[in-house]
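Visitor: Only the shape, not the letters, is given here:
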């Protein structure tokens with residue numbers, strides 16, 4: 001399929017047309033996949049062989065190299081969905097609801113991983129797998145919101161109607177994101193305050209901060225790859241469903 005733009009066609013049109021979106025964006029999957037593999041290889045090497053144990057937590061600190069990126073992505077993915085929801089409701093962008101639907105299972109997975117790795121980290125560090133503090137509870141609520149969104153998508157055969165309902169639900173659920181972010185400042189919690197993005201600079205040593213940043217980028221690139229593949233799959237699935245409806249209508253006629 002050609003991806004050349006027709007006369008008068010702009011970039012907005014190219015990303016709005018499902019066929020053209022798939023045509024140009026599929027070229028990004030391979031380089032992004034290669035970058036993801038390289039970042040994970042580098043990040044894991046730093047995390048296991050070039051990063052010291054913490055003076056208090058020992059080797060348990062290495063769980064952070066998975067926990068922090070997945071916790072970051074649990075919120076970042078929801079931000080992508082919220083922007084997509086606005087695109088669905090305000091601009092009626094054809095690819096916005098596709099993006100929203102493809103992102104939901106990924107967000108749920110990253111959130112579940114953040115909760116699981118947080119529990120693994122909490123047991124030796126805090127003496128408990130779970131505590132109903134502000135950040136843990138609000139992150140669990142985020143997981144339930146993701147699962148509710150996935151269930152809503154599956155509850156409707158008409159995906160256009162589902163998209164508007166899911167978009168509204170997504171925007172309402174977005175109020176939980178600042179609650180997660182600022183929960184450590186608003187309530188007593190086992191979680192420490194921000195230790196990376198601070199006005200006075202990070203409190204972590206470079207030997208720990210470097211692999212952490214690499215793993216954050218690795219997981220983010222992984223999301224981009226999986227999100228693009230999920231969007232491509234959803235576009236093709238809708239094409240098949242549309243063809244099946246047309247054939248059924250012709251058969252009935």
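Guide: Yep, it's here. Just so it is clear, the model here is predicted, and its values are computed rather than measured. Numbering: from 1, shown residues only.

Visitor: Give me the most central residue, the chain.
Guide: Central residue of the chain (CA atoms, centre = their mean): residue 77, 2.9 Å from the mean position.

Visitor: Dihedrals phi and psi, the nearest residue to it once chain neighbours are set aside?
Guide: In space, not counting the residues next to it along the chain, residue 77 is nearest to residue 107; the distance is 3.6 Å by CB to CB, 6 or more residues apart in numbering. C-beta coordinates here come from the backbone N, C-alpha and C atoms, glycine included. Backbone torsions of residue 107, given as degrees, to the nearest 10, read phi -60, psi -40.

Visitor: What is the burial count for residue 246?
Guide: 10 (other CB atoms under 10 Å).

Visitor: low pLDDT regions in the stretch 151-253 of the chain?
Guide: 188-203, 253 (pLDDT under 70).

Visitor: Now do the helices in it.
Guide: 159-173, 176-186, 206-252 (DSSP state H, counting those that start in this stretch).

Visitor: Check which helices and strands the longest one sits against.
Guide: Read it as helix 206-252. Secondary-structure packing of helix 206-252 (3 or more CB pairs under 8 Å, 6 or more residues apart in numbering; DSSP states H and E): helix 18-49, helix 64-86, helix 96-126.

Visitor: Can you give the distance of that helix from its chain's centre?
Guide: 11 Å (CA atoms, centre = their mean, to the nearest Å).

Visitor: How about stretch 150-168?
Guide: 19 Å.

Visitor: Buried ones in it, by neighbour count?
Guide: 150, 152, 153, 159, 162, 163, 166, 167 (16 or more other CB atoms under 10 Å).

Visitor: ok now do the third one, which residues does it touch?
Guide: Pointing back at residue 153 there. 101, 104, 159, 162, 166 (CB atoms under 8 Å, 6 or more residues apart in numbering).

Visitor: Try it again at 10 Å.
Guide: 97, 100, 101, 104, 105, 159, 162, 163, 165, 166, 234 (CB atoms under 10 Å, 6 or more residues apart in numbering).

Visitor: ditto for the fifth one
Guide: Taking CB under 10 Å, 6+ apart, we find residue 162 in contact with 97, 101, 152, 153, 154, 155, 156.

Visitor: so can I have a markdown table of these showing distance to residue 208?
Guide: Shown next, in a markdown table, are the contacts of residue 162 (distance: CB to CB, whole Å):
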| residue | distance to residue 208 |
| --- | --- |
| 97 | 40 |
| 101 | 37 |
| 152 | 40 |
| 153 | 39 |
| 154 | 41 |
| 155 | 44 |
| 156 | 46 |
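
Visitor: Closest to residue 41 out of those?
Guide: residue 101 (31.1 Å; CB to CB).

Visitor: what about that closest one, how many residues close to it?
Guide: 24.

Visitor: Next: residue 225.
Guide: 20.

Visitor: next one: residue 67
Guide: Residues near residue 67, counting by other CB under 10 Å: 21.

Visitor: Nearest residue to it in space, ignoring adjacent ones along the chain?
Guide: The nearest residue in space to residue 67 (CB to CB, 6+ apart) is residue 117, at 3.9 Å.

Visitor: What residues does the one you found make contact with?
Guide: Counting by CB under 10 Å, 6+ apart, residue 117 has contacts 63, 64, 65, 66, 67, 68, 69, 70, 71.

Visitor: Compare the residues you listed and tell me which is most surrounded.
Guide: Neighbour-wise, those (other CB under 10 Å) top out at residue 69, 27 neighbours.

Visitor: residue contacts, it?
Guide: Per CB under 10 Å, 6+ apart, neighbours of residue 69: 43, 76, 110, 113-114, 117, 212-220, 222-223.
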